[in-house]
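S.K.: Sequence first, then the predicted structure, then my questions.
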Amino acid sequence: MRFLQIVLLLLASCNLARAEDRPDIVLADFEGDDYGVWRSEGEAFGTAPARGTLPNQMAVSGFLGQGLVNSFRGGDATQGTLTSPPFAVERRYINLLVGGGHHPTETSVDLVVDGRVVESATGPAAGGGNEHLDWQSWDVQDLAGKQAVIRIVDRNTGGWGHVLVDQIVQSDRRLAAEPASRDMPVTAHYLNLPVRTGAPPRHVRFTVDGRTVREFDIELADAITSTTKSVAAPLKMQPKIPPGAISLWGPTDVSVFRGKTLRIEVDALPKGSQALELATIDDEPRVLAPIYHEKQRPQFHFTAPRGWLNDPNGLVYSAGEWHLFYQHNPYGWNWGNMHWGHAVSDDLVSWRELPIALSPRRYGDWCFSGSAVIDHDNTSGFKKGDGDLLVLAYTSTGRGECIAFSNDAGRTWTEFDGNPVVKHQGRDPRLVWHAPTKRWVMAIYDETDSKRWIAFYTSSDLKIWEFASRIEGFFECPDLFEIASDDDETVARWVLYGADGKYVLGQFDGRVFTPDTEKQQLWHGNFYAAQTFSDAPDNRRVQIGWGQGITFPGMPFNQQMTVPVELTLRSTSAGPRLFAWPVDELESLRSTLHAFGDVRVSPDENPLEDITGELFDIEAEIDLGDVHECGFTVRGVPVTYNVERHELSCGAHKAPLLPADNVIRVRLLADRGSIEIFGNSGEMALSSAAAPAAENRTLAFFTRGGRARLRSVTVYELRSAW
Ligand code: FRU
């Protein structure tokens, strides 16, 4: 009996070995100039395979060679079918690359035998996602020897109403993505995972001693070469990583597990993926090219060294350091896996990256936005040692509003064991010390009764909070602060800000905010979720916003902060208003100066034609004369003032600016990813993602419809802050 079993086993394994040796049969690779023997009906597939991405489509990736089936021809609205000639089923599997819309039966690839659909595949994305093709495999063992037809179908006309298909192959091996894992001894500080922006997101779990210690989603780079057409290639280990196969490395600090074995588990990896083989444990986060020296790296705006950034968080000045925390995805170019990144500066100009301050405790419990303060009087009782006691509040999406503290200058944070301290529908706690009532205030975005409010809670110790009041009409990321008037030291106002950059002035008694203005708008354009520093010296009110939408395609990082500005309260004819001006510290980057006084400019003239450069800080006082429009063209990007409309525009954004005695004053800051414009003395601020053209280094001042007078212009070239 035993002997027979062994013989059978041996026979079975011989069979298997022989089967695996059989060559694959390529049913279609869609590399030809037309569909050959395949029959195309309707409009969606046209008469020939597509060469990659079609007009108005997100970038298509994951196909092999140059051609593929892409039914986005004419957009999502078109329909059609593409049918193969009959063929005999001769291998155990049919492997195929599939992407596009997830509409089973409507955007699909069907295997048809005897007139019946016996297998079907559809794309992964329903209304969003990506245009990536991934391997799917049909087990067709039961159909051996039968005649079959493959029919590619597009019957959907709505969102994601298209299908992507490539490389249909009969094979003895399955290529579809499957769960994978790797054990790695933790011998150094960081585990680095390869990321390819746009690849299908994979779910990764780290376990140590059988316990899940980290879990996140990551667009893992499979590093399967996409230029080779050989179907066997994905099965082999590629000794060399194809160029462009990795967009960035996603590091995780694993130092606390040193000496142990860490298991990396991935929910699905395609066969031949090298993602896990490529993972390394190193002393430093891995980089493709030296960080801060990349082609598009902003030179005086804060960016994350790698990965995604959004809201500034926990801005606080302590012991000579400006702390900037920020919403951060360390594992990808897009939003996700929210952590708090951390950097410090002693001059608001150059920043030093510190380890991540807050990491999610478990999958789905993300560290959303919040703020930080110094608890000078140790009201919380968390103080140890002589340094400042820093306390931060943030939204844990799985628990509620939480606090954490640090006695080592923000380098490490300890969660309060009574977290969450507030539970409600909302997010983004802003902590403020209210001196007159000697209580802490938490201003927080609140969604009671499905409305948008800012709620105020108060506390004597940062741990036990009481609801005080709420004010309607504000969305996300509140900021709340008191500011003295520049004109009259005795007049102070409270300011309440929402994420959209609109604010009201008013009175705040520690419990209730009473506005005495309508909503005002100082900032325009790519500016969101701004925050001001707690405890800034000399009563300064320094603000940093997220330059929302300032993107860096092809770079290992994405999004930037706006320049730090100093806010002041000034009298205007309309009443007191906030003004914003880049912090003086930025002037330390000024290098070569080109200055002019009193130049008359006609429509065909450019007084700045001799100036070339990359980074500019320009200040100008312009007598509008009789022009219809005038402005600067900064490295190809127009910044235009329209006299009739009293409006300044740059890229997609416009902002109002009133002349005084027919004169406007502007200050322009031009970096690699954006242009910021401050109008008059800072009564208007605009951040624009209209990025200067990389190769263009020219500068112009132009007028249209008349002559203007440049009463003065100073153009500084700026140095890099890095
Ligand atoms: C604003 C925001 C916040 C939230 C955070 C998440 O941009 O949506 O409300 O806390 O981003 O990243």
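M.R.: Everything's here; your move. Numbering: from 1, shown residues only.

S.K.: pLDDT at E644, what is it?
M.R.: On pLDDT, E644 comes in at 97.

S.K.: That one in helix, strand or coil?
M.R.: coil (DSSP: H, G, I helix; E, B strand; the rest coil).

S.K.: So it is in contact with H628, correct?
M.R.: Yes. At 7.1 Å, E644 and H628 qualify as touching, with contact defined as CB atoms under 8 Å. (C-beta placed from N, C-alpha, C; glycine too.)

S.K.: more crowded one of these two?
M.R.: H628 (13 against 8; other CB atoms under 10 Å).

S.K.: The closest residue to N70 other than its chain neighbours and R73, how far apart?
M.R.: Distances taken as CB to CB, 6 or more residues apart in numbering put A50 closest to N70, at 3.7 Å, once the chain neighbours are dropped. Distance of A50 to R73, given as CB to CB, to the nearest Å: 7 Å.

S.K.: mind listing what the residue nearest to V663 when sequence neighbours are not counted touches?
M.R.: Excluding the flanking residues, the one nearest V663 by CB to CB, 6+ apart is D623, at 5.3 Å. For D623, the contact set (CB atoms under 8 Å, 6 or more residues apart in numbering) comprises 662-663, 708-711.

S.K.: which residues pair with D623 across the strands?
M.R.: Note on D623: beta-bridge partners V663, R709, judged by DSSP bridges.

S.K.: quick thing: my sequence starts at 2, can you match it?
M.R.: In the new numbering, first residue 2, that becomes D624.

S.K.: Helices of this structure, start to end?
M.R.: Under the criterion DSSP state H, the chain contains helices at 3-22, 276-279.

S.K.: Burial check on D366, number of neighbours?
M.R.: 15.

S.K.: ok, now C478?
M.R.: 32.

S.K.: do you know how far it is from the ligand?
M.R.: Distance, C478 to the ligand, by CB to the nearest ligand atom, to the nearest Å: 5 Å.

S.K.: swap in R156?
M.R.: Applying CB to the nearest ligand atom to R156 and the ligand gives a distance of 37 Å.

S.K.: can you pull the contacts of the residue nearest to that residue when sequence neighbours are not counted?
M.R.: Closest residue to R156 apart from its sequence neighbours, by CB to CB, 6+ apart: E107 at 4.6 Å. By CB under 8 Å, 6+ apart, E107 lies in contact with 154-157, 162.

S.K.: What of R720?
M.R.: R720 neighbours (CB under 8 Å, 6+ apart): 300, 590-592, 616.

S.K.: Look up the pLDDT of it for me, please.
M.R.: R720 is given a pLDDT of 97.

S.K.: Check L12 too.
M.R.: 46.

S.K.: hmm, back to that, now intersect the contacts of R720 with the strands, please.
M.R.: Using DSSP state E, the subset of the contacts of R720 located in strands is 591-592.

S.K.: If any of the contacts of R720 are buried, put those into a ChimeraX selection.
M.R.: Applying 16 or more other CB atoms under 10 Å to the contacts of R720, the buried members can be selected in ChimeraX as follows:
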select :300,590,616
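
S.K.: and of the contacts of R720, the nearest to L659?
M.R.: For the contacts of R720, the residue nearest L659 by CB to CB is R591; the value is 28.3 Å.

S.K.: hmm, back to that, could you export the contacts of R720 to TSV, including columns for pLDDT and distance to the ligand?
M.R.: As requested, those are exported to TSV (pLDDT from 0 to 100; distance: CB to the nearest ligand atom, whole Å):
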residue	pLDDT	distance to the ligand
Q300	98	25
L590	98	28
R591	98	32
S592	97	35
L616	97	27
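
S.K.: In the contacts of R720, find the pair that's most separated.
M.R.: Most distant of those, by CB to CB, are Q300 and R591, 12.9 Å apart.

S.K.: so what sits against both of those two?
M.R.: 719-720.

S.K.: Report how far apart the opening and closing residues of stretch 527-538 are.
M.R.: 28 Å (CA to CA, to the nearest Å).

S.K.: which of the residues in that stretch are buried?
M.R.: 527-537.
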